[in-house]
Structure formats: C-alpha cells, structure tokens
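Novice: Turn this into a model:
(2 chains)
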Amino acid sequence: MSTEHKNVTQTPLLKILVLWMGCNLNHGKGSSVPQFCNSPTVIVMVGLPARGKTYISKKLTRYLNWIGVPTKVFNVGQYRREAVKTYKNFEFFKSDNEEAMRIRKACASAALKDVAAYFTKEHGQVAVFDATNTTRERRAVINSFAKERGYKVFFIESICDDPEIITENIKQVKFGSPDYIDRDIEEAMTDFVQRIECYKASYTSIDDEKDRKLSYIKIFDVGSRYLVNQVQDHIQSRIVYYLMNIHVTPRSIYLSRHGESELNLLGRIGGDSGLSPRGLKYADALAVFIRGQQIKDLKVWTSHMKRTIQTAEALGVQYEQWKALNEIDAGVCEELTYEEIQENFPEEFAIRDQEKYRYRYPKGESYEDLVHRLEPVIMELERQENVLVICHQAIMRCLIAYFLDKPADELPYLRCPLHTVLKLTPVAYGCKVESFFLNIEAVNTHREKPTNITISRKSDEALQTVPKHN
Amino acid sequence: MSSTQRDSGASTNSTEAKKTDPRWNEKKCSWASYMTNSPTMIVMIGLPARGKTYMSKKLTRYLNWIGVPTKVFNLGVYRREAVRAYKSYNFFRHDNEEAMKIRKQCALVALQDVRVYLTEEGGQIAVFDATNTTRDRRDLIQAFVKENGFKVFFVESVCDDPDVIAANILEVKVSSPDYPEKHRERVMEDFLKRIECYKVTYQLLDPDDYDKDLSFIKVINVGQRFLVNRVQDYIQSKIVYYLMNIHVHSHSIYLCRHGESNHNVEGRIGGDSELSPRGKQFAHALRDFIDEHKLSDLKVWTSQLRRTIQTAEELGVPYEQWKILNEIDAGVCEEMTYQMIQDSFPEEFALRDQDKYHYRYPGGESYQDLVQRLEPVIMELERQGNVLVICHQAVMRCLLAYFLDKGADDLPYVKCPLHTVLKLTPVAYGCKVEMFYLNVEAVNTHRDRPLARTGGSCLSPCAKESTLMTAKKLVAVFASE
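Specialist: Numbering: from 1, shown residues only, chains lettered A, B, ... in the order given. From the prediction side, this is the model:
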C-alpha cells in the first residue's frame, strides 16, 4: 500500500470516480449498473422450422444490445443461402441427401467460427446461434466447441404443435424469405410443410433426464408454459425473465411527448413547467386522435412531471404515472438555455457533443443511465398490450431505440418532435412505424450535432445547431 | 377523470397546494402494489421438509418490502392451536379419521382468515402454507378462490435428494414446537414417518392434463429446475423471477456505510464530499476486518459517490460501482444541515417527520422511491455469494429492512451508525445479524423518530458526541421469525 493517500477524481465524460494514479476500473464502460458478464455466452436455439426461433433470436438480441450487452445473431440459414445460391425445393433438407448434408454441416461450422471471432476480436458478449439444432449430435458439437473455448452455453428450445400457430408463422415470415420470393403462395406453403417433415424424422427434443446438466429453457406453445433448467448466472437469469414476459398477441404501442411546455417556448431544458396554450391544444387534439383510433383496452402512462400529466388529463381516461418516465436529469444545467450552458459550462457542452450517449451531466444523468432506468418500463411494455406512453424527448429516444433497434451512437439524435404521435405495431421480425403530426404548431427542440465538437471551439460554433426559441 | 396515482411530490411547490391536492391524501402505495390489481392467493404444495415455509416467509418478506401487503397463513400453526400437544406421526395417517376431521376444519378456518385479510384488512397477497398434496384439497381451495373473485397461483416444491431433505429437517424441524424434547434421532425418525404418511396420498401437479389450466411454478430440487405454467399477470411474473433467483447456499452479506465524510462532520446531508481523516482511518480498519475474516471470493460493491469509493479503494480488491446505491436524493435540501432545512423549509421539515417513509424531498426522492430503485440490488444479492456493500445511511436502512423484515414505519428509523459493519447470515427462516464496530470514532448522524406529532422536531443528531460503544465487537442475534 502506498504511503501517500490516493485521491479519487471524476472522469469528465461519465462523471465516474477513478484513482488519480492508475485506474482501478476494469469495466471500460463504467455505466450505472455493473456488467455481470465475464465469460462469453452462446445461446443455442432449438426447434423445428416455423417455431419462432428467429423471432426470439432477433428480439432477444435487440433487448440485450439495448441494455448494453453486445450481442449478435448467427443465422445458419443465411450461411446456407450464400453457399447454395438458389433454393430449389424441400428435397435439399431430406436426411438422405448426402451432398446437402455436407453443405449444411459446413455452414454450421463456418457460423461457429464466426462466433469465436465475434467473441475474441469484436468484444462480443453473447452470440445467438439461430438454427434448428434438432439432433443431439449437433447440439453436442456446439457444446464441445463452447467448452473448449471457455464459453457458457444456454439452450432455448421452442416447442409447438398447434397447426394454426405454425401456419400463421409461415404466412408472416416465410413467404417473404429469399427462399420463396418468386413463388406462388400455395406452392410455397406446400414446400415449407414438407421441409418441416424432413426435420421431424430426426428431431430429438432436449431430454430432461439425459440433458439435466445443461442450462436451458423450453418454451411450450408460445409461452403458455416454460421449463427452466440450471440457470448459471445473472445474464441467463435476465434472459429467462425476458423470454417469460414477451408475447405475440397483436397490439400497438403509441409514443408521444407532452404538449409544448412553457419552458420549451423559452428554449430551456428540463424543469417542471406546465403546458403552453399550444400545448393544451395538443392535449385536446391527442384526445380526439386516440378516440378516433378506437383502441381496445388502452393503458395510458405518463411521468411524474406536470407537463405529461396535464397532457393526459385531457384524455379523460385513467392513467398511471411512472417516475421512471421522468425526463433526463440535467443536473447543474436544469432549466438553462443552450446559450447559458455554453456560457457557464463550455467544456461540458463540448464533451457532451463528443459522446452524447455516455455523457453524464454534472449531478445529473446520461442517456446510458436512462436506459437502465427505463428497463422495467420496457419489460412492462412487453407484458402489456395496447399502451399510450406520454413522455419526454430523451425518454422517447431511448424507447424508440429499443423498438427500432437503433444503436447507442444514433439514439441521442433520433427525431422526436413535439405534437407528433408515433404508432408502433410489431410485425414479422420488426416493427411497423406510423407517424401522426396532429397539426398544432410547436417549437423545435431538436439540436443536431454541430460541426466543431472540440473543447477549444468558439461560442457561435457551439451554438450552430441550437433551434430557435423566445 | 383524475389520475389514479398518488405522490404529487415534484409537481407542486407549495406545501399548501400539496395538502389540498386530492392526490396527496390518497393512499400512497408503491408501483408494485398498484400493478397488483386482484387479490391473489399463493398456494404452496409439497411434502414436509421441502422448503415450503422457507419460501413462503422469504417471498412474503420480499413482497412486503416492495410494497405489496402480503401475509403467510401457516396451517401447522392452526393445527397446533386445535390440538394442544403433538404426540406422534400417527396424527398424520390418512386413515386417522378424527385427525382428518380436525385437519380439514383447520384448513377452513385458515381460509376464512385469508378472506378477511384480502377483503377487509387491505391485504393483497395471502400465502397459504400447507402441504396441499391432494387434488381434493386443491379443488377445495380453488372453489374458495372462485367464490371470492381472487386469483390463485400454486408453488410446488419437489425434491428427491435425501441429503437436502435431511438437512432441512435438522435445520428447522428439530427446533419446531412439535418437538420440544429435541432429541435429534427421535425427531428425525418421527418426522420421516410423518413424510411417509403424506406420500401415500400425494398427487403432484399434472401440467399435461388435470392441472394444465392452472397457474403455477414447480420448483424442482431446490431450484435446479423450474416448470412455469400460465403466468397470468405482473405480480405472478415477479414472484416467478424472485423464486428463480433465490438459493440456499450458505453465504454472508456485509453492509456498512462509507467512512465518516467531511459533510458528516459539518452535519450536512447528501452531497458528494470526501472522507474525513477519521473516515480514512475507518477504511484502513475495514481492510483489516476483511483480512481477519478471510472471506473467500468476496465481492465488493459501492455507489458512485466519492465517499464510498474512497472507502473501497483502501481495501485493495476489485470493486463494482452501482449508481443505484447512491444516497437518497434530498433535492432542494441537498448539502444543507438540519438547521438550515428547518430555517428554509419549516413546513417540509415537519411533513417529513410525519411520514418519513413516503415523504419525498422537493426535486428529490422518498424512501419509497429508494426501495424501488434498490430492487435490482436485492435481486442480485440473492443470486450472489459473499458480498460487502459499502453504501449510505438511507440506502442501508432500505437494504436492512429487506433482510430483517422491517415495515415502512420502522425502516426510516433503523439505526445504521458510521464505522460499523453489519454481517447478515441467513439461518433457518430468518437472518442472523452480527454487528462489528471497528473502533474508529465518528459523528452520529441518526435522527430519532420525534415524540410529538406536531412541532418539537429534534433538529440535530448529537453532532460531535460519539454515542457508539467502545467495545470492538457487539454480537446481536435476531431471527426475523
């Protein structure tokens, strides 16, 4: 131990405290919640075609990336499409088709190789191996591959025998697949059904006895039942919780900011002001719009701040307040204009432009903090059906980034103008977005990244992109 | 139509407005409580010594902590009241008609109490802790639940590992009121025969046929495997998540505050000041404490405020920073002394003393907000092994309240003195607490509950006086049963 006393100092970007001499932080990100991943994890999907494996893979990956765990999907079907340029018909998948079997095995190996590269060279934490993996043999290969390299393995098996669900799946995603793009729908359906039969013959489900040392979750009938075995660590526990909360019932999520506020008009950030006259008009227009949409059992959520509550009041329905939906805390910059921030904290202002996602206001929050704060909101949005969320600019950016899979560097610059409702409807593997501007003028509060983001920049360069205000 | 939430806190500035605001006067329940819409009955299922009571009590403690009023109804307690002296396992034979009558009667009485709790006493969740191993009994419960419009969620504990069962019996049954003589071998023998009585008529939940429409979780071999069927709502989802994260491996959790800070010395609350010289001494003493206790694989967690990090730095081991372990945000009162708060915001000061748990500082947080913020920490503490959490007064009160089952009234007044480490070790149905004062003096930052309801608020903790014991180690053992 050194004789001089160690001083802690705050890093300028994240406002994280580190040792002055040398750094004790082994978490490069220094985010608001410790990252609990040490070994990389391979998630292995298991199941017949049209059981939702790719749907789950993509959704899970989107969620993990959003909460800050670098994750990537490795879809073996894509490797196969690259190896075999044109797909003819289901005969490719017959178990006695030796040449095809060789190709398919090679594709799986290529994908596994890429998984290893993702972990070692690209700093990935989780890889989702999206393929049928329906034989014990194939699963054993993957397991050994992982064990040899010290990766953890978690299996997700989707089991479903309901013909209606399977047909619906096929319609929603298979007809748009590159394999069937020029086919007649009925022809495609017949071919796909026979493709499934090819797999059925050799399908062995994960065995609850023989495989009791493996870590896995079995999902039955799109989530009516789950079997969870040997969860090893924090990330697997979070994955299980997420999978148990998502559903596929059709619904829509409406996102909107509060109506224009008094502080908006003055170009001031944060605070807790009421609505401006135009903001009040918006609240009424929102009520008309929502009634027009004729939404079944709509839930309405607001933050604890006056401006969202006032907006919700005009709807004349019950609403629920979430503190977690409060706008980003701008700390010492609360209620200042950008001009005042530039005058009083020019360095902070520049650092924020350099890395807006991770930048934390002094005594305030960062976008990264927001994402962690919003995670329970996302989880509950997944559980719910039709919901209208009335929130704030930074909050809405975080929520949209989750639904539309926007990465951290784009998130803080997503456009969320006032007086505009976004309607998100999950469809196939993604989300349909419809934007409704309710025809009531409002100030623009969107500040683009200026050209000069160096600390030495001049005032007018810093204020280049500030939107007009009173 | 008005909002259904309370806590107007941040939105209105004057306390006058706050009092007349209808939302202020409504029941201030937590988010979790709000999201639990129907009263729910959790029904435990399993042979004796399968951890039903352990799970019932732990789950109840967790649900109450997150603000969902929950109570356990243990059938054994009712039975012991009906049949004063327990003689032997023969009471539990399924061909013992008289005993069967008594046992059924007890169940009916317990269900009546459940109904009263859920409909008249403000309860939201009732945990029915009994074996409930026959379909008959479960059908009876389901009829009751349907009649009253409650939801029902079953938790079945299945275990075939004889070592686990034997360990359970030794840990909790030997000290049960049924076995006052505590002669281990005889207790074990009688209890094993008792289990055999139940085995004869045990009908497991059948997810493929008879019970496929029920909502339940089967916990298999102490959490190695789970079968989850038809989770209906938010609170059932949280219950499942909680049960999947708890474990029974022995471990200890160490809680302490940062060393004395400069603000502490000045009597200021909040802020982000550095350690005082005595605080630095404490950090050294903490390092010695850890070495002494030879804790293997100890994880160390701090907040992201200077004073906890400086404390951890002295330990010379890796540590993790959690923003959510930061001290309660005192909003406009940050960095003031209690005298300054009394001078600048006398009404706020009085309001806080009236309901310290729900009171939210203007622009800041309440203890209730803290609990919600700390939930991921609790969940992770349940998953982990040995952990040392270096945090702050209000935060430590919330964490302690979870482990020691303190209600909202007591939580804000739990004593968490500086320079004192609390060691919590799960034991039987509760938590053993050992308190270690590390012999470095510090100011007292504790403000007691004021005696009078109006005015007469006690302003300052005994500022310069050290009221801590000089003995190095004080051992206090409480079981929270």
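
Novice: so who does residue 424 touch?
Specialist: If you meant another chain, say so; for now it's chain A. If you count contacts by CB atoms under 8 Å, 6 or more residues apart in numbering or on different chains, residue A:424 has them with A:252-255, A:403-404, A:431-433. C-beta coordinates here come from the backbone N, C-alpha and C atoms, glycine included.

Novice: Chain B is the one I meant
Specialist: Listed by CB under 8 Å, 6+ apart, the contact partners of residue B:424 are B:252-255, B:403, B:431-433.

Novice: go with 6 Å
Specialist: Contact analysis of residue B:424 by CB atoms under 6 Å, 6 or more residues apart in numbering or on different chains lists B:253, B:403, B:431, B:433.

Novice: between the residues you listed, which is closest to chain A?
Specialist: residue B:253 (16.2 Å; CB to the nearest CB).

Novice: beta partners of the closest one?
Specialist: For residue B:253, the beta-bridge partners under DSSP bridges are residue B:387, residue B:424.

Novice: from chain B, which residue is nearest to chain A?
Specialist: Closest residue of chain B to chain A, CB to the nearest CB: residue B:323 (3.3 Å).

Novice: Quick check: that residue vs residue B:313, distance?
Specialist: 18 Å (CB to CB, to the nearest Å).

Novice: picking up where we left off before, export the contacts of residue B:424 as TSV, with columns for neighbour count and secondary structure.
Specialist: Supplementary listing: the contacts of residue B:424 in TSV, determined by neighbours: other CB atoms under 10 Å in any protein chain shown; DSSP: H, G, I helix; E, B strand; the rest coil:
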residue	neighbour count	secondary structure
B:253	21	strand
B:403	21	helix
B:431	21	strand
B:433	20	strand
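
Novice: re the thing from before, quick one: which of the contacts of residue A:424 sit in strands?
Specialist: Members of those lying in strands (criterion: DSSP state E): A:253-255, A:431-433.

Novice: Now list the buried members of the residues you listed.
Specialist: Among those, those classed as buried by 16 or more other CB atoms under 10 Å in any protein chain shown are A:253-255, A:431.

Novice: between these, which is closest to chain B?
Specialist: Chain B lies nearest to residue A:253 out of these, by CB to the nearest CB, at 17.0 Å.

Novice: hang on, the closest one packs against residue A:386?
Specialist: No - in terms of CB atoms under 6 Å, residue A:253 does not count as a neighbour of residue A:386; the distance is 7.6 Å.

Novice: related to what we said a few turns ago, now cross-check the buried ones among the ones in strands among the contacts of residue A:424 against chain B and list the overlap.
Specialist: Cross-checking those against chain B (CB under 6 Å from any CB of the partner chain) gives no overlapping residues.

Novice: Can I get those residues in TSV including pLDDT?
Specialist: Output for those, formatted as TSV (pLDDT from 0 to 100):
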residue	pLDDT
A:253	98
A:254	98
A:255	98
A:431	93
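
Novice: In the residues you listed, find the pair that's most separated.
Specialist: Farthest pair in those (CB to CB) is A:254 and A:431. Separation: 12.7 Å.

Novice: Low-confidence regions, chain A specifically.
Specialist: A:1-8, A:19-37 (pLDDT under 70).

Novice: Okay, now stretch A:224-235: how far is its last residue from its first?
Specialist: In stretch A:224-235, first residue to last residue: 23 Å (CA to CA, to the nearest Å).

Novice: Tell me how many other residues crowd residue A:172.
Specialist: Residues near residue A:172, counting by other CB atoms under 10 Å in any protein chain shown, number 15.

Novice: how about the nearest residue to it, chain neighbours excluded?
Specialist: Leaving aside its chain neighbours, residue A:172 sits nearest to residue A:428 (5.4 Å; criterion: CB to CB, 6 or more residues apart in numbering or on different chains).

Novice: The closest residue to residue A:297 other than its chain neighbours: what's it in contact with?
Specialist: Sequence neighbours aside, residue A:386 is the residue nearest to residue A:297 in space, at 6.1 Å (criterion: CB to CB, 6+ apart). Neighbouring residues of residue A:386 by CB under 6 Å, 6+ apart: A:251-252, A:295, A:298.

Novice: returning to that earlier point: mind checking how far the residue of chain B closest to chain A is from residue B:451?
Specialist: Distance from residue B:323 to residue B:451, by CB to CB: 37 Å.

Novice: Comparing the two, which residue is more hemmed in?
Specialist: Taking other CB under 10 Å, residue B:323 and residue B:451 do not tie; residue B:323 has more neighbours (23 against 8).

Novice: which residues in chain A form strands?
Specialist: Under DSSP E, chain A gives strands at A:8-10, A:17-19, A:41-46, A:71-75, A:126-130, A:152-159, A:216-220, A:225-229, A:253-257, A:299-302, A:320-321, A:387-391, A:420-427, A:430-437.

Novice: Who are the packing partners of the longest helix along chain A?
Specialist: For chain A, the helix that runs over the most residues, judged by DSSP state H, is helix A:98-121. Where contact means 3 or more CB pairs under 6 Å, 6 or more residues apart in numbering or on different chains; DSSP states H and E, helix A:98-121 is packed against strand A:71-75, helix A:76-83.

Novice: can you list contacts of that helix?
Specialist: For helix A:98-121, the external contacting residues (CB under 6 Å, 6+ apart) are A:40, A:72, A:74, A:76, A:79-80, A:83, A:92, A:124, A:127, A:145.

Novice: Dump it to CSV, keeping only the CA atoms.
Specialist: C-alpha atoms of helix A:98-121 as CSV (Å, rounded to 0.1, in the frame of the first residue of the first chain):
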residue,chain,number,x,y,z
GLU,A,98,-25.7,-36.6,-48.6
GLU,A,99,-24.3,-33.7,-50.5
ALA,A,100,-26.7,-31.3,-49.0
MET,A,101,-25.9,-32.6,-45.5
ARG,A,102,-22.2,-31.9,-46.1
ILE,A,103,-23.0,-28.3,-47.1
ARG,A,104,-25.3,-27.8,-44.2
LYS,A,105,-22.7,-29.1,-41.7
ALA,A,106,-20.0,-26.9,-43.3
CYS,A,107,-22.3,-23.9,-42.9
ALA,A,108,-22.8,-24.6,-39.2
SER,A,109,-19.0,-24.8,-38.7
ALA,A,110,-18.5,-21.6,-40.6
ALA,A,111,-21.1,-19.9,-38.3
LEU,A,112,-19.4,-21.3,-35.2
LYS,A,113,-16.0,-20.0,-36.4
ASP,A,114,-17.6,-16.5,-36.8
VAL,A,115,-19.0,-16.8,-33.3
ALA,A,116,-15.5,-17.3,-32.0
ALA,A,117,-14.2,-14.4,-34.0
TYR,A,118,-17.1,-12.2,-32.6
PHE,A,119,-16.0,-13.0,-29.1
THR,A,120,-12.3,-12.7,-29.4
LYS,A,121,-11.9,-9.9,-32.0
